[in-house]
Structures are given as C-alpha cells and as structure tokens.
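*Asks:* got a predicted structure plus its sequence, pasted below:
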Amino acid sequence: MIEQARDDLLVKVEGLRTWFPVRGCLFRKRYVRAVDGVSLSIPRGKTLAVVGESGSGKTTLGRTILGLIQPVDGKVFFDGIDIFSLSRRQMRRLRRRMQIIFQDPVSSLNPRMIVGSIIAEPLKVHHICSTRRERNKRVAELLLRVGLEPSHAARYPHEFSGGQRQRIGIARALASEPDFIVCDEPVSALDVSIQAQILNLLKDLQNEYNLTYVLIAHNLAVVEHFADIVAVMYLGKIVELADRDELYSNPVHPYTASLLSAVPRPEPNRKRTHVVLTGEMPSPINPPPGCAFHPRCPLTRRIAAGLSADETTEVISQGERIKVMKRCVEVSPLLEPMVDNPHHYHACHFKKA
Amino acid sequence: MEEVSEEIVEEQLKGKTPKVGRSLWADAYHRLKRDKVAVVCFAVIVLYVIIAIISSFLFPNWAENYDYEHANLPPSWEHPLGTDDFGRSVLQETMLGARTSLTVGVMANIISVPLGMLLGAIAGYYGRFIDDFIVWLYTTLASVPGIIRLIAIKFAFQDVVLFANTPFEMDLGGGMSGIYIALGVMSWVGTCRLVRAEVMKIRELDYVLAAQAIGTRRIVILFRHIMPNLLHIGIIQFSLGMVGAITAEVILSYLGLGVGTGVPSWGVMISAARMDLVVGRWWELSSAVGAMFIIILALNIFGDRLRDALDPRLRTA
C-alpha cells in the first residue's frame, strides 16, 4: 500500500536545520539546534508520525515544514514547490493548502472571538466564500463535520470543553480545504476517553478528503493505529525511520527500542523487558559529540563492557563514569537504509544482531 | 460534506440561536455589576461628571462675581462653603474645579492611552530596531522626573496657539489644553511598557501562530488578534491614569504653571488658600482637598475593581 504511494510525494524535506540563537559568551554566538539535519518525505494521503521526547525538536520540525519558522539551512518542497523561495504573497496563497492543529486547545483559540469568526477566518483570508451567507453556511457545515452544533458558532471558546475546543481547532484547519495538516500533539492535552474520539475524527477526515498528515506525538502508543510511516527523533535528528509495522516489529535503534518498551500492552502474560533510560536528554545547545545518544545508550555500554581499552573510551554521564564504544563518541552515525530493507532507515553504528 | 438545512443557517443569520455566547467583556461587566464597592465608586464618578457638566451652565459668570463686602465669609446657609478673598462662592468654585479636573483627566488619557497602546503594540510585535527605538524613546523620557518634564513642556508651550481663529482654538500657553496635551504626550510610558510586555507574551501564543498559518497578514493579526486582547489594559490604564492626570493638574496649578488665572481649579484654590489657614480660614482649602480626595479615591478603587473584573487570569476556564 505504501509502496505505490512512495513515488507520489506531497512533502519532501532535505537537510533541514533550524537553529535558534541564544545568548552565549562574548563574541561567540551559540545556538539551540532544535532541528539539525532532517530529511524525509511524505507520500500523498499518508500519515508520517514524528515521535520523540520533549525537547527533541518535533514541534520545531513541524512548524518549519509549514514555513512558520525560518530554517538556517535545508529545503522543504511542498508538492514540488520550494516554500522558502516563495515571496510573502505567494507563501500566503500556498497556506491555503497547509494547516496546523495545536496541542493546547486553550491557547490555540483567540478568547475574544466567537467560534464562528475563528472558523471563518481562513475563508475570509483566502476569499473562499464571497457572501456572509455562504460563509455562515460553510461554518455550519464544518461545525457539523467535526461533531459540533451549528449554533455553537455564536459562542466563545471559553464556553467549551477541551475536546470540543480541539474540534473547533480542527474545523478551522479544515476550512480552507487543505491537502496537508501538521497535527502537533493533537491529543496530548486531552483525557484518554476523548483522545480516541479526536484520533478517529482525524482518521475519518483523512479518508474523506485524502489528507496528508504529520502527526507529532511523544509516545508510540498514540501513533500505532494512526501512522503509515514513523520517524523517531532524538536531539534534533531522526534516528530511525520506517513503515509503522516494520518499526514496531523490528526496532533497530536502541532509542526506539526503549520508547517501544514504554508502550503499555494489555497482555499480562507476556514477558516484558523494560529498557529504562537513565537521565534526561542533553541540552541541544551543546549536544554530545558523535552519536548524541551515547551517554544514555544501553547498547553501546553492553557492547563496550567486554572489549579492550583501544576500542572503548570512558565518558561522564549524569556524574557517573561509563564505558562506551569509541566510535559512538567520535563518529556521528548517518541515517542509512538497512541492507535487507531499503525503506527502513536508522542511525546507529551497531545494528541489532 | 453533508448539506446544512436552510433553516439552521437562517436561524444563525438572524442571531436566533438557542443560546448566544457570552463574551469575556459581558462576563467582566456582570462581575463588576455584582461588586457593590465598584458600583458605589462608579456612582461617585458619574456624580462628578454630572456636576462638571452642569456647573458651567449654572455659574457661567463665577470668575467675575466679585463681592468685596462678603469676602472671606465662613460657611453659612447663604454660602454653604463660605467665600474667598473676592467674595466668590467657594462651593461654586469647587464644582467648577471638577470640570477642569475631569476635562484634563479625560483629555490627557484620550491622548496618552491610545498613544501608549499603539507604540507598545508596535514595539512588542515587530521587535528588532522598531522595538529598540521605542524603548529608547520611553527610557529617555522616563529618565527625567515627571514634574520637570511637565514644567519644561509648559514653558515650551508659552504663547503657542493652535488652530488660531477657528472654533478649535487652543491656547497652549495659558488654557486647559496646554495642560492636557502636555500630560498626554508625557504620560504614555507606563501604558507602553505594560502593553509591550503583554504583546510579547501574546505574540507567542498558538492562536497568533494559527492566524499566521492561515495566511493572515501581520498587520491584521496585530489589530484583529492581539489588540482585542489588550483592550482591557487600556481601560484599566485609563481609569488609573485619570488619577495621575487630576493630581498633576492640581500640582501644576498650585505651582502657577497650570490653568491660567480666572479658570477655576482645585490647584489654584489650594494655592490661594495656603496663607488663609494661619488666620483660620480653612474652608477654601478643605473644599478643594475634600473634593479631590473623594474623586481620586473613587477612581482608584474603581480602577482596581475594574482590573479584577477584566483580568483574564481570574477567569475560570
């Protein structure tokens, strides 16, 4: 299914780097490397899930793809158009086709505007409905489509619950009939019972309008039934990228494996091996050399444990001296396809045996 | 997408929806209405406004009503608050003084609050060198003590008459207009600072980003999405700024830099009465001070209550 779609790409990202300047020492500019060399492509009508801990750069990646943040390097092609080469005017016109859904349903809706005008804004900006009457009708249709009542148009955002507000945000994103929507943790702020409803709604909308999604999530549980392709991010880089089934059944990167082991399974008899990561993600201002994951990586420790000193080196992680492989500290691994599966990419020096 | 029946749309167009939403403004109004202290303070302010409006019709010739036979009389039934050195009624003077004070207070803030909000919003939203320039402007202004700024600008206004020989003639040197323009041009700094900080906060919120993602122009985002969320700051600043402007007018008039002679003002009254107290003539001073005390107290409390009612952080989501 994905095989056929692979050639029909809607979004293509090449070597994207988004760095934010921070105040450093005198004369030396320092940067937060939120996104640091990401390349990926999304087939039309499919969902790419971006997974990673907080601070891994998923949100920045999503916003850079939409052109809301300027990258320092790299290109984003939307339907073949290099979006950073467009003028402001052309970019505004293109925005009709790409939208975003936010994590926080409270701050994503202007508290001083009624729901009707919030949803009607894209219609006005892109001159979609010429008369007020048409616009109201369209707003009513959108509200019904996302599971709300047309009469809700006259109310203010603070009169709704979190799940309802998220539906309003979805209606706003749908208003301009986009091809592509970045869903930035659309259910993270919601109750578990509401999460499924919103995800189902997003799925239905995808089937109905042939939408292409980027779904940003911080755990693999949400992604499992939704994504076609999964990208795992760590410290601004993609460490593993594969079709969903492949990634779930055969995780190669030790970081992916640890994220997967954190997914709760309703199978009490199954033996579980928890890979608990120690410590927190290092600062993206000053990432560790080589493979950024090496201070927390269980794999490199395991391999290094039985080897002599010329292949290993000692680093300090969380105030503790650990023995890791020299290669992990010295060489930054590239995102490369696996030998037996060219669509499964990973960035680790040591493939799982 | 399923079709929507015409009736629903019809209903919506007419606004006959079962339940119409309540805006944050309506919410704040309801909260304020329940607050008895705020209502009392508001009533006092309204009373002063009424007095200010009717007094100039009731006593148009007060300044020329010299009556040296009845000078310096203590309060009596005939003269409820006594008379001044020239035998003019102190009650009338106090009431006319309210007109001066409120005019200066309102006009100064009509100039300063929008100015501060606009500059603050532009500085906070566009950032970079525009921000640097506006911040430089207000820090420079703020580095000179307020009263010295006002004295300096009053001197600069001497003999300046705007729109001469038109119905809008403004004598900046001697009249009331000089004071409120000076105050207005000088007192936008506080509002500007507050608004700038608030805009920098709002600009990062998701709904602004959403508007950007939709393709809304920056200027439209500023006026449609950011400004309405700042309006409450403007209203609060206006009500509290009244207090500052009224006090400033009194101080300037006391120093002889305010409204010209012949214009009734609480500051002029206090200035004229400062020698009277030693000989036991307390009524002119106390009338002016009392009148000022009550309106300033009312404005201050009302401003505070207004802030409580409008503050979105107090809203239960």
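*Replies:* Good, I have the coordinates.
*Asks:* contact partners for A:Val72?
*Replies:* By C-beta atoms under 8 Å, 6 or more residues apart in numbering or on different chains, the contact set of A:Val72 is A:Arg17, A:Thr18, A:Trp19. C-beta coordinates here come from the backbone N, C-alpha and C atoms, glycine included.
*Asks:* among these, who's most crowded?
*Replies:* A:Thr18 (24 neighbours; other C-beta atoms under 10 Å in any protein chain shown).
*Asks:* out of the contacts of A:Val72, flag the one nearest to B:Phe238.
*Replies:* A:Thr18 (42.0 Å; C-beta to C-beta).
*Asks:* three-state assignment of that closest one?
*Replies:* strand (DSSP: H, G, I helix; E, B strand; the rest coil).
*Asks:* how about it: which residues does it bridge to?
*Replies:* A:Thr18 forms beta bridges with A:Val35, as assigned by DSSP bridges.
*Asks:* who's in contact with it?
*Replies:* A:Thr18 is in contact with A:Ala34, A:Val35, A:Gly57, A:Thr60, A:Leu61, A:Thr64, A:Ile69, A:Gln70, A:Pro71, A:Val72, counting by C-beta under 8 Å, 6+ apart.
*Asks:* picking up where we left off before, which one of the contacts of A:Val72 is nearest A:Arg132?
*Replies:* Nearest to A:Arg132 among the contacts of A:Val72, with distances taken as C-beta to C-beta, is A:Thr18, at 39.9 Å.
*Asks:* what helix or strand does the residue of the stretch 251-353 of chain A found nearest chain B sit in?
*Replies:* Closest contact between the stretch 251-353 of chain A and chain B, by C-beta to the nearest C-beta, is at A:Pro284 (18.9 Å). In the assignment (DSSP states H and E), A:Pro284 maps to no helix and no strand.
*Asks:* just the pLDDT at it, thanks.
*Replies:* Listed pLDDT for A:Pro284 reads 77.
*Asks:* before we move on, what about A:Asn269?
*Replies:* Per the predicted model, pLDDT is 68 at A:Asn269.
*Asks:* circling back: ok, the residue of the stretch 251-353 of chain A closest to chain B to A:Leu235 distance?
*Replies:* The gap separating A:Pro284 from A:Leu235 is 6 Å, by C-beta to C-beta, to the nearest Å.
*Asks:* what of B:Leu96?
*Replies:* Separation of B:Leu96 from A:Leu235 (C-beta to C-beta): 72 Å.
*Asks:* B:Phe163 now?
*Replies:* From B:Phe163 to A:Leu235 the distance is 66 Å (C-beta to C-beta).
*Asks:* so which of these two has more stuff around it?
*Replies:* Higher neighbour count among B:Phe163 and A:Leu235: A:Leu235, with 23 against 10, using other C-beta under 10 Å.
*Asks:* surely the more buried one meets A:Gly57?
*Replies:* Yes. The criterion here is C-beta atoms under 8 Å, and A:Leu235 meets it with A:Gly57 at 7.2 Å.
*Asks:* got any residues that touch both of these two?
*Replies:* Here A:Leu235 and A:Gly57 have A:Arg33, A:Asp36, A:Pro284 as joint contacts, going by C-beta under 8 Å, 6+ apart.
*Asks:* got CSV for those, with distance to B:Tyr254 and neighbour count too?
*Replies:* Output for those, formatted as CSV (distance: C-beta to C-beta, whole Å; neighbours: other C-beta atoms under 10 Å in any protein chain shown):
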residue, distance to B:Tyr254, neighbour count
A:Arg33, 62, 23
A:Asp36, 66, 23
A:Pro284, 61, 22
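*Asks:* my read: the residue of the stretch 251-353 of chain A closest to chain B touches A:Lys237, true?
*Replies:* No. Between A:Pro284 and A:Lys237 there is no contact under C-beta under 8 Å: 10.1 Å.
*Asks:* circling back: which of the contacts of A:Val72 sits closest to A:Ala262?
*Replies:* A:Thr18 (27.0 Å).
*Asks:* now stretch B:97-106: mean pLDDT?
*Replies:* Stretch B:97-106 shows a mean pLDDT of 87.
*Asks:* would you put the C-alpha positions of that stretch in PDB?
*Replies:* Taking C-alpha atoms only, stretch B:97-106 is exported to PDB below (Å, rounded to 0.1, in the frame of the first residue of the first chain):
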ATOM      1  CA  GLY B  97     -13.000  72.900  39.600                       C
ATOM      2  CA  ALA B  98     -14.400  69.400  39.000                       C
ATOM      3  CA  ARG B  99     -15.000  70.400  35.400                       C
ATOM      4  CA  THR B 100     -11.300  71.500  35.000                       C
ATOM      5  CA  SER B 101     -10.000  68.400  36.700                       C
ATOM      6  CA  LEU B 102     -12.200  65.900  34.700                       C
ATOM      7  CA  THR B 103     -11.600  67.600  31.400                       C
ATOM      8  CA  VAL B 104      -7.900  67.500  32.000                       C
ATOM      9  CA  GLY B 105      -8.100  63.900  33.200                       C
ATOM     10  CA  VAL B 106     -10.100  62.600  30.300                       C
END
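*Asks:* kindly state the pLDDT recorded for the residue in chain A positioned nearest to chain B?
*Replies:* Taking C-beta to the nearest C-beta, chain B has its nearest neighbour within chain A at A:Arg155, 3.1 Å off. A:Arg155 is assigned a predicted lDDT (pLDDT) of 85.
*Asks:* in this structure it contacts A:Val115, no?
*Replies:* Yes. Contact criterion C-beta under 8 Å: A:Arg155 and A:Val115 qualify, at 5.7 Å.
*Asks:* neighbour-wise, which of these two wins?
*Replies:* Set side by side, A:Arg155 and A:Val115 show more neighbours around A:Val115, with 26 against 22, by other C-beta under 10 Å.
*Asks:* read off the pLDDT value for the more buried one.
*Replies:* For A:Val115, the pLDDT comes out at 88.
*Asks:* got it, and A:Ala171?
*Replies:* 90.
*Asks:* cool, and A:Gly37?
*Replies:* A:Gly37 is given a pLDDT of 83.
*Asks:* do you know how far it is from B:Glu64?
*Replies:* 85 Å.
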